[in-house]
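Asker: Quick one, what's the 3D model for this:
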Amino acid sequence: MATATATVLAWSGRFPTGCGGRSRMIRLGLFAAAAAGLGLVSYAGLGRLAVVESKAAAAAAAPLMPKPRGGSLLIAGGNTTEEIRACFVELAGGPNARIVVIPTASNAAESPAILKAWARYGLASLTSLHAKTRQDAEGPGFADPLGDATGVWLGGGSQQQLASRYLGTDLEAQLQGVLKRGGVIGGTSAGAAVMTRVMIAGGRGEASLDRGFDLLPDAVVDQHFLKRNRLGRLLGVMKKNPCLLGLGIDERTALVVDVVGCRARVVGSSYVVACVPDPDAETTRVEFLKPGDEADLSALRSRAPSAVAHTIDFDAF
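Answerer: So this is what the prediction gives:
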């Protein structure tokens with residue numbers, strides 16, 4: 001069986017020099033070197049993309065991501081930060097937000113502390129929704145709190161626990177309803193992995209796959225991505241599922257997706273790694289997207305070179 005390969009076409013922008021930037025650069029280098037040593041990655045044209053020559057030219061470029069036209073997903077890689085939570089609350093309506101937290105993935109799902117991170121935002125309403133058993137999840141009226149929710153948060157823990165408890169229930173249908181009403185569904189770690197139909201359930205070198213919610217069609221998400229060196233794992237999934245877009249999201253980082261416009265932007269402090277298979281060439285293109293970068297996911301899937309708009313820090317030059 002041929003070994004999956006990845007061609008890195010873009011590692012764009014400068015790494016930050018402060019706030020742990022040097023250690024992140026070293027970690028990324030070691031991460032890439034380890035993947036190459038496993039025969040998983042071949043490098044072509046590694047380096048920065050051409051930069052915009054002036055601030056005026058950058059300002060003239062049309063932004064890829066306007067205000068979302070419909071529902072949004074906020075897919076966080078783990079160790080969620082205040083910035084990411086604030087972004088989620090803003091998408092849910094700010095002080096008018098009606099947020100439902102689903103902590104079922106966690107072993108501490110019944111702890112009152114689950115809602116503490118959200119209570120300080122002064123929301124219109126805040127509810128915890130947790131089924132101890134599949135039977136409870138299938139009970140009449142269990143998912144009713146989602147009926148007028150503007151935001152739903154899927155907590156971290158075990159994505160298999162989330163899927164086995166709620167897949168195929170009214171709760172899953174209600175999640176789709178939140179998006180159709182223009183609401184936001186966010187999730188971190190397990191709550192991120194469960195957002196796609198093909199779900200990475202676990203595994204170290206090789207992923208074990210299961211079925212998750214089909215909130216982001218034609219994609220698969222891996223979390224804690226750079227922190228836990230999961231490029232090889234995701235590339236293995238891409239080899240078996242070459243029609244999917246692979247999204248590796250690091251800790252303290254999130255990808256915000258406009259589900260109607262198929263636009264996405266990166267928020268947080270690390271990187272989102274997009275893996276785009278090319279079945280004809282038996283290779284996978286890897287794009288490193290840093291905070292502020294925006295992407296057209298439809299164009300990215302079709303391997304269009306203009307799919308990603310990279311932000312440029314002119315003060316760094």
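
Asker: wait, is residue 104 part of a helix?
Answerer: No - using DSSP: H, G, I helix; E, B strand; the rest coil, the secondary structure at residue 104 is coil, not a helix.

Asker: from what I can see residue 278 touches residue 286, true?
Answerer: No - between residue 278 and residue 286 there is no contact under CB atoms under 8 Å: 11.4 Å. Using the backbone N, CA and C atoms, a C-beta is placed for each residue, glycine as well.

Asker: count of residues packed around the closest residue to residue 289 other than its chain neighbours?
Answerer: Closest residue in space to residue 289, ignoring its immediate chain neighbours: residue 272 at 4.5 Å, by CB to CB, 6 or more residues apart in numbering. If you count neighbours by other CB atoms under 10 Å, residue 272 ends up with 28.

Asker: higher neighbour count, residue 278 and residue 286?
Answerer: For the pair residue 278 and residue 286, the greater number of neighbours falls to residue 286 (25 against 12), based on other CB under 10 Å.

Asker: and the more buried one, that's in a helix?
Answerer: No - if the criterion is three-state DSSP, then residue 286 is strand and not within a helix.

Asker: Nearest residue to the middle of the protein?
Answerer: By CA atoms, centre = their mean, the chain has its centre lying nearest to residue 75, at 3.4 Å.

Asker: rewinding a little: list phi and psi for the residue nearest to residue 289.
Answerer: Dihedral pair for residue 272: phi -110, psi 130, per degrees, to the nearest 10.

Asker: now do residue 236
Answerer: Note on residue 236: backbone dihedrals following degrees, to the nearest 10 are phi -60, psi -40.

Asker: Residue 192 too?
Answerer: Per-residue torsions, residue 192: phi -80, psi -50 (degrees, to the nearest 10).

Asker: Could I get the phi/psi values of residue 184?
Answerer: Backbone torsions of residue 184, given as degrees, to the nearest 10, read phi -130, psi 140.

Asker: Is it in contact with residue 150, as I believe?
Answerer: Yes - if you go by CB under 8 Å, residue 184 and residue 150 touch, sitting 7.2 Å apart.

Asker: what residues are shared contacts of these two?
Answerer: Contact criterion CB atoms under 8 Å, 6 or more residues apart in numbering; residues shared by residue 184 and residue 150: 92, 178.

Asker: Between the two, which has more neighbouring residues?
Answerer: Using other CB under 10 Å, the more surrounded residue of residue 184 and residue 150 is residue 184, with 28 against 23.

Asker: Kindly state the beta-bridge partners for that one.
Answerer: Under DSSP bridges, the beta-bridge partners of residue 184 are residue 72, residue 151.

Asker: And the pLDDT for it?
Answerer: We have a pLDDT of 98 for residue 184.

Asker: With residue 50 instead?
Answerer: Here the pLDDT value assigned to residue 50 is 25.
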